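Student: Generate coordinates for the sequence data below:
(2 chains)
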Amino acid sequence: MALNAMKHSLAELKPGEHAALIEIHAGKGALGRMSSLGFTPGVDVEMIQNYGHGPLIVSVRGTRIALGRHEAEKLLVQRAAA
Amino acid sequence: MTTWHSPTQEKIEIRTAESAVRTIALAGQPNMGKSTLFNLLTGLNQHVGNWPGKTVEQRQGSFRFEEHAYQLVDLPGTYSLTANSPEEVIAREYILREKPDLVVAVVSAANLERSLYLVSELICLPVPLVVALNMIDVAEQEGVQVDAAVLQAALGVPVVPVVATKAKGVKDLLNEVELVFQGRRILMPRLPEVTDEHRLVIDQVSDLIRPYVPGIYPVDWAATKLLEGDVEMTARMKALLPATRWMDAHAILLQHEDAILSIASGRYAWVERVIRAAVKRPRLGQVSLTDRLDRWATHPVIGLFVLAGILGLVFWLTFALGSPLQEWLDTAVVAPVAGLVSGWLAAAPAWLHGLVVDGVIGGVGSVLTFLPVMVIFFASFGLLEDVGYMARAAYVMDNFMHLMGLHGKSFLPLFLGFGCNVPAITGTRVIDAPAARLLTILVAPLVPCTARLAVLAFLAPAFFGGAATLVSWGLILLSLTVLVLSGILLNRLLFKGERTAFVMEMPLYHLPNPRTIGLLVWQRALSFIKKAGTVILVMSAAIWALSYFPGGTLETSFLAKIGGLLAPVGGWMGMDWRLTVALLTSFLAKENSVATLGVMFGSSQGSGLAQTLAATYSPASGLAFLVVSLLFIPCAATVAVIRQETGSWRWTLFNIAFMLVLSVGAGVAVYQLAVAVGV
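Tutor: Below is the predicted model of the structure:
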């Protein structure tokens, strides 16, 4: 998948970084689950914990959510003004 | 009738039947303190069962408040009302089909934005709604303040602040409910708006499906669910609509496949508007309690040590406190009861005496002595879950679980399995993906439960004396290694290495609630006692009969014959017919193997039995016996629950066969190896 210079995968964010969610690539069931948890286009996502391997923790709409790295890689984000 | 898409809903009529029992449904997302509120209102007047035809727990209870009887139904905790799992279908079907008189939505002040998402769906249903704003204390601890009055004005339905863990605000909540019932609260709910584009699509779909939608569903609502790609509603309408009409509807839906995202965005936009004025956020840079604790608890390396430390502590507590209690129950309660009954039956026929004293009291009684061990284990587990730690355990174990094609969530039921495999298998309900859930069920019986650990704790010193502790730890490690290898193998062979998404909420840490934990333990204990009184009772009697008839002695019994038939297999593992029979009786309940050996060696006293066994069997035979005991087929109760949860005899039998091959294979390997190295 060709990534636009502006788009990154959520998994690339470092702890403390904020980004706006742009695209969610997930199966239909996962899409429904993730959107009800607050992952909708445009929402602000903050990386809470990311050690570069294994699962990571983000904060979305005031809730901490653990994501598998594989799931996080399928969420495309745009970093907040650097 | 209801124009749910308009900014405000018409006033909702309350059905007022003065004397009748009022039914209230309790709705809420997971981790909102919904169960705590339910327990607080109903106390012990509650009934736990399953929703009809589903493997989802159903809790109902009753209470009285100011001259009125209330029936409280605890709906499954769900993040939305769109069918991602059976839980959502149950929650919405209950509201639409059973029409409770009122719905109380439990939301968390500490998680307001996310928790109001469900409210944005509930508020569109034709039922009166009252919002219980829970966990104000947790929110304050995180620096968040919520103004309930402002929220109420924005939502157009009553909002009552409560702290369920401290029983605060519950009376206010019930007073508000009472006002709604008396018609003295006018509900003017403000509903989420629908974008023009979607309005058009929803209208098109509505027109197509209108004549065919069952009366209980608002047509617009059904159309929205279709647009959201709701699996259950899609299947339902596909079956109800004539084929050509469905094709038309389906064509429209296909053009808007991603509609779920904009619908969800619309609901969240509504939530943002509702909370804008009501919530004061913490100052930036404030480090919350959860952040501080998670630095350790979710660290990829330190987190594992934290988990290991906590697990060690739980086991230490369970056995240091539980084992003496178990022994006490055995010697101070079960033995005297057996003696007493034995006295009463002195004149009865020998078979009746044997059936009651050896079969029923011996079987059921010895199983019941496990109660303290289980209570302590489940109380520890309940505590860890209630404070919010278990999600962290799942998180740090995620990498490891990937080895088996599973993810972190599967660790929770497996951990529960150390207490008892039965709740472990029902506990797999937390896993979203069916394949991952099935795989977790298949490996769960390999977790050594308290009963097997107790057998190990009794027999290891008999066979190995001073080396017992080392051998015991080695065997537990072996059994967990076998579990992981089995998981890897089954995942490759049966599930073709399928992987499932790991998405899990990490709840905020909060102080435990003794009532919640107490009720959890009480329910587990109750179901264990019920099991002892039914399945185990019948099986005890049956096994006893096999061990008594036709000759009246064990040596000439059917059981001995079965043991004799299996002797060749036993021989490869260095086991004689008595050890083989002991193993067979462990199918009834794992700890039975010790009781059976006790019967066969004519010794009811623990220490005497240990010495006899040490003198009779070589350490190699003992080792093989312990290995097979740990890995042997699941006990009868576990088999029953595997059948219930998988809904399939094929998988149940596969599971039994798999573990039979595994345990015998491991037994033979260990024995032959031990003999080869000269143990």
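Student: which other helices and strands contact the helix of greatest length in chain A?
Tutor: Using DSSP state H, we find that the single longest helix of chain A is helix A:28-36. On a contact count with 3 or more C-beta pairs under 8 Å, 6 or more residues apart in numbering or on different chains; DSSP states H and E, helix A:28-36 meets strand A:18-24, helix B:259-276, strand B:503-505. C-beta: built from backbone N, CA, C; applies to glycine.
Student: tell me the mean pLDDT over stretch B:522-536?
Tutor: In this model, stretch B:522-536 carries a mean pLDDT of 80.
Student: Assign the residue located most distally from the centre of chain B to helix, strand or coil.
Tutor: In chain B, the greatest distance from the average C-alpha position (C-alpha atoms, centre = their mean) is reached by residue B:347, at 47.4 Å. Recorded secondary structure, residue B:347: coil (DSSP: H, G, I helix; E, B strand; the rest coil).
Student: Tell me how far the host helix or strand of residue B:367 lies from the chain's centre.
Tutor: Taking DSSP states H and E as the criterion, the element that holds residue B:367 is helix B:362-368. Offset of helix B:362-368 from its chain centre (C-alpha atoms, centre = their mean, to the nearest Å): 25 Å.
Student: what helices or strands is that helix leaning on?
Tutor: helix B:335-344, helix B:514-533, helix B:535-548, helix B:592-600.
Student: Tell me which helix or strand comes right after that helix.
Tutor: helix B:371-387.
Student: And the contacts of that next one?
Tutor: B:310, B:314, B:317-319, B:321-323, B:325-326, B:329, B:390, B:393, B:415-416, B:418-420, B:423, B:450, B:454, B:509-513, B:516-517, B:520-521, B:524-525, B:528-529 (C-beta atoms under 8 Å, 6 or more residues apart in numbering or on different chains).
Student: at 6 Å what do you get?
Tutor: B:314, B:318, B:321-322, B:325-326, B:390, B:419, B:450, B:509, B:512, B:516-517, B:520-521, B:524-525 (C-beta atoms under 6 Å, 6 or more residues apart in numbering or on different chains).
Student: now the residue most central in space within chain A, nearest residue through space, not along the chain?
Tutor: Taking C-alpha atoms, centre = their mean, the centroid of chain A lies closest to residue A:10, which sits 3.9 Å from it. Once flanking residues are discounted, residue A:10 sits nearest to residue A:75: 4.1 Å by C-beta to C-beta, 6 or more residues apart in numbering or on different chains.
Student: Which residues does the strand or helix carrying residue A:57 contact?
Tutor: Residue A:57 belongs to strand A:56-60 when assigned by DSSP H and E. Strand A:56-60 is contacted by residues A:38, A:45, A:46, A:47, A:48, A:49, A:50, A:64, A:65, A:66, A:67, A:72 when judged by C-beta under 6 Å, 6+ apart.
Student: could the helices and strands packed on helix B:362-368 go into a markdown table alongside distance to residue B:203 and mean neighbour count?
Tutor: A markdown table is the format used below for the helices and strands packed on helix B:362-368 (distance: least, C-beta to C-beta, whole Å; neighbours: other C-beta atoms under 10 Å in any protein chain shown):
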| stretch | distance to residue B:203 | mean neighbour count |
| --- | --- | --- |
| helix B:335-344 | 72 | 13 |
| helix B:514-533 | 46 | 17 |
| helix B:535-548 | 56 | 20 |
| helix B:592-600 | 66 | 24 |
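Student: Spit out the contact partners of the residue in the stretch 451-600 of chain B that chain A sits nearest to.
Tutor: Using C-beta to the nearest C-beta, the closest approach of the stretch 451-600 of chain B to chain A is made by residue B:502 at 3.3 Å. Going by C-beta under 6 Å, 6+ apart, residue B:502 touches A:68, B:407, B:408.
Student: which one among those residues gets closest to residue B:41?
Tutor: Taking C-beta to C-beta as the measure, residue B:41 lies nearest residue B:408 of the contacts of residue B:502, at 32.8 Å.
Student: Compare the helices and strands packed on helix B:362-368 and give me the one nearest residue B:57.
Tutor: helix B:514-533 (9.8 Å).
Student: so the closest one versus helix B:535-548, what angle?
Tutor: 30 degrees (axes from the mean of the first three to the mean of the last three C-alpha atoms, to 10 degrees).
Student: what residues does helix B:514-533 touch?
Tutor: When contacts are defined by C-beta under 6 Å, 6+ apart, helix B:514-533 is touched by residues B:36, B:39, B:48, B:364, B:367-368, B:375, B:378-379, B:382-383, B:386, B:637.
Student: any idea of the angle it forms with helix B:371-387?
Tutor: 140 degrees.
Student: distance between helix B:514-533 and the chain's centre?
Tutor: Worked out by C-alpha atoms, centre = their mean, helix B:514-533 lies 13 Å from the chain centre.
Student: before we move on, back to that, out of the helices and strands packed on helix A:28-36, flag the one nearest residue A:32.
Tutor: Using C-beta to C-beta, the helices and strands packed on helix A:28-36 put helix B:259-276 closest to residue A:32, at 5.6 Å.
Student: need the residues of chain B near chain A, please.
Tutor: B:79-80, B:82, B:84, B:111, B:113-114, B:229, B:260-261, B:264-265, B:268, B:298, B:300, B:395, B:398-399, B:501-506 (C-beta under 6 Å from any C-beta of the partner chain).
Student: Return the members of the residues you listed classed as buried.
Tutor: Neighbour-count burial (16 or more other C-beta atoms under 10 Å in any protein chain shown) applied to those gives B:79-80, B:82, B:84, B:111, B:113-114, B:229, B:260-261, B:264-265, B:268, B:298, B:300, B:395, B:398-399, B:501-506.
Student: from the chain's centre, how far out does stretch B:327-335 sit?
Tutor: So, by C-alpha atoms, centre = their mean, the centroid of stretch B:327-335 is 31 Å from its chain's centroid.
Student: Between its first and last residues, what's the separation in that stretch?
Tutor: Taking C-alpha to C-alpha, to the nearest Å, stretch B:327-335 runs 11 Å from one end to the other.
Student: Same check on stretch B:112-132?
Tutor: Terminal-residue distance, stretch B:112-132 (C-alpha to C-alpha): 11 Å.
Student: and what of stretch B:419-436?
Tutor: Terminal residues of stretch B:419-436 are spaced 22 Å apart (C-alpha to C-alpha).
Student: and that stretch, how far from the chain's centre?
Tutor: Distance of stretch B:419-436 from its chain centroid, counting by C-alpha atoms, centre = their mean, is 6 Å.
Student: List the buried residues of it.
Tutor: In stretch B:419-436, counting by 16+ other C-beta under 10 Å, buried: B:419-429, B:431-433, B:435-436.
Student: Closest to residue B:24 out of those?
Tutor: When the buried residues of stretch B:419-436 are compared for distance to residue B:24 (C-beta to C-beta), residue B:429 wins out at 24.5 Å.
Student: Give me the secondary structure label for that closest one.
Tutor: Going by three-state DSSP: residue B:429 is helix.
Student: what does the model give the closest residue to it other than its chain neighbours for pLDDT?
Tutor: Closest residue to residue B:429 apart from its sequence neighbours, by C-beta to C-beta, 6+ apart: residue B:55 at 6.4 Å. At residue B:55, the model reports a pLDDT of 74.
Student: same question for stretch B:593-612, mean pLDDT?
Tutor: Mean predicted confidence for stretch B:593-612 is 68.
Student: if we can go back for a sec, including neighbour count, could the contacts of residue B:502 go into a markdown table?
Tutor: Shown next, in a markdown table, are the contacts of residue B:502 (neighbours: other C-beta atoms under 10 Å in any protein chain shown):
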| residue | neighbour count |
| --- | --- |
| A:68 | 23 |
| B:407 | 30 |
| B:408 | 24 |
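Student: Kindly indicate which of the residues you listed lies nearest residue B:441.
Tutor: residue B:407 (15.3 Å).
Student: what kind of secondary structure is residue B:185 in?
Tutor: Following three-state DSSP, the label given to residue B:185 is coil.
Student: So it is in contact with residue B:177, correct?
Tutor: No: in this structure residue B:185 lies outside contact range of residue B:177 using C-beta atoms under 6 Å: 9.1 Å.
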